[in-house]
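S.K.: everything below, folded, please.
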Amino acid sequence: MTHSSAGLLEGHGAESTQLATLAIHAGQRPDPVHGAVMQPIVLSSTFAQPEPGKPLRYDYSRSGNPTREALESCLAALEGGKFGFAFASGCAAATTLLHTLKPGDHVVCGDDVYGGTYRLFTKVLEPLGIQTSFVDLRSADAFRDALRPSTRLVWLETPTNPMLRLADVAAVASLAKSRQLLSVVDNTFASPILQSPLRLGADVVLHSTTKYVNGHSDVVAGALACARQDEFWDKIVAYRRQFGTILGPFEAFLLIRGMRTLDLRVRAACASAQNLAARLQSHPMIAKVLYPGLADHPGHALAARQMQGGFGGMLSALTKGGDRAAIGTAASVTLWKRATSLGGVESLIEHRASIEGADSPCPPNLLRLSVGIEDPDDLYSDLSQALATAGIG
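M.R.: This next block holds a predicted model:
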């Protein structure tokens, strides 16, 4: 069962409604029995049929569930897509999508992507006979040079994790379409509030909805949104049902609840991240700040054109003093939480190379910061004392 964004707001078209409003209302209607304004949690695994073999809208929760459907419809509306599907995790969404490929197929992927995505391509798909070329998708020439007759799909993140690089979604999607390739954009860092890849021409958007969409670090989930229903999308629908990579109704309810403040949270995080990036840029103990909102960022002009309302809540900082200084800083914070993940209301710091392991391509002096919604003065004060404690001044 696919869940469309059409007709989600009585008397209002989704295309003409602002994102802050869609995040609260799209896909949700008052309970017709009790009038509850919050989407009910329907935990039933199966649904009664009025006649044998003739179910109503739902028959079994692996195929469809009303709580999950409300979430999926809302996500589709936010992304400007026609259909949405929720999964048990971002990795489950990616795995299901990529299983539409077959042995001998080839993928072009950005060379700075989430480590779990990289491992999915290299550790899972490669042994199945699906090859991947990792290239800098900021360069159209690099993209073209990587193409093969067997290329079926291009995968990109923008901004990237953790180097905060920007790729031109419209340009990549246009080139992909000219070669009859599918384009998939991981929109986790930007969230639907800041970036709309489908409106820029991409075919599919992926989210780890664990992150900004939920925003409270208490759900693991993922999602896909698609601009149209076609053979490719029908495969995803069928594969998710067969793989069982579904999201449970309680987790779907928590995501619906979290999305009601998505616009407010993302914009608050953007404002604080911009503040911190500017202050850290001039800090004597920081070698470089990677943040698209800074005028000297190589992708700043593209970000200003491609993103709306802010440059995101994620930034990376390169410390002076190498990995010792970076690790020492992360060890000395008191307000920031030393934890992986991102997009929650609380601010997180991590030494990315330590998280990724010995073969990490991440600079050893890089700290990845997920800026939450605390007061930015408090966040900066804690970072400053941690930098000083690290002894790199």
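S.K.: where do the strands sit along the stretch 51-200 of the chain?
M.R.: For the stretch 51-200 of the chain, strands defined by DSSP state E, counting those that start in this stretch occupy the ranges 83-87, 106-110, 131-135, 151-157, 182-186.
S.K.: need the ones you listed in TSV (columns: mean neighbour count and distance to Ile327).
M.R.: C-beta coordinates here come from the backbone N, C-alpha and C atoms, glycine included. Below are these laid out as TSV (neighbours: other Cβ atoms under 10 Å; distance: least, Cβ to Cβ, whole Å):
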stretch	mean neighbour count	distance to Ile327
strand 83-87	27	34
strand 106-110	23	27
strand 131-135	19	27
strand 151-157	24	25
strand 182-186	25	28
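S.K.: A strand includes Ala326, no?
M.R.: No - under DSSP: H, G, I helix; E, B strand; the rest coil, Ala326 falls outside any strand and is assigned helix.
S.K.: didn't it look like it was pressed against Leu367?
M.R.: Yes - look at Ala326 against Leu367 with Cβ atoms under 8 Å: they come within range, at 5.3 Å.
S.K.: need the residues touching each of these two.
M.R.: The contact sets of Ala326 and Leu367 overlap at 318-319, 351 (Cβ atoms under 8 Å, 6 or more residues apart in numbering).
S.K.: now, among those, which is nearest to Thr122?
M.R.: Closest to Thr122 out of these is His351 (22.9 Å), distances taken as Cβ to Cβ.
S.K.: if I look at that closest one, what pLDDT would I see?
M.R.: Per-residue confidence (pLDDT) for His351: 95.
S.K.: contacts only, for it.
M.R.: Neighbours of His351 in contact, by Cβ under 8 Å, 6+ apart: 323, 326-327, 330, 366-367.
S.K.: partners of it in the sheet?
M.R.: Leu367 (DSSP bridges).
S.K.: once you drop chain neighbours, what's closest to Ala339?
M.R.: In space, Ala339 comes closest to Leu348 once its chain neighbours are excluded; the distance is 4.9 Å by Cβ to Cβ, 6 or more residues apart in numbering.
S.K.: is it true that that neighbour touches Ser341?
M.R.: Yes - taking Cβ under 8 Å as the definition, Leu348 is a contact partner of Ser341 at 6.6 Å.
S.K.: now the common contact residues for the two.
M.R.: Listed as contacting both Leu348 and Ser341 by Cβ under 8 Å, 6+ apart are Ser370.
S.K.: neighbour count for the two, which is higher?
M.R.: Leu348 (21 against 14; other Cβ atoms under 10 Å).
S.K.: any idea how far Val42 is from that one?
M.R.: Using Cβ to Cβ, to the nearest Å, we find Leu348 at a distance of 33 Å from Val42.
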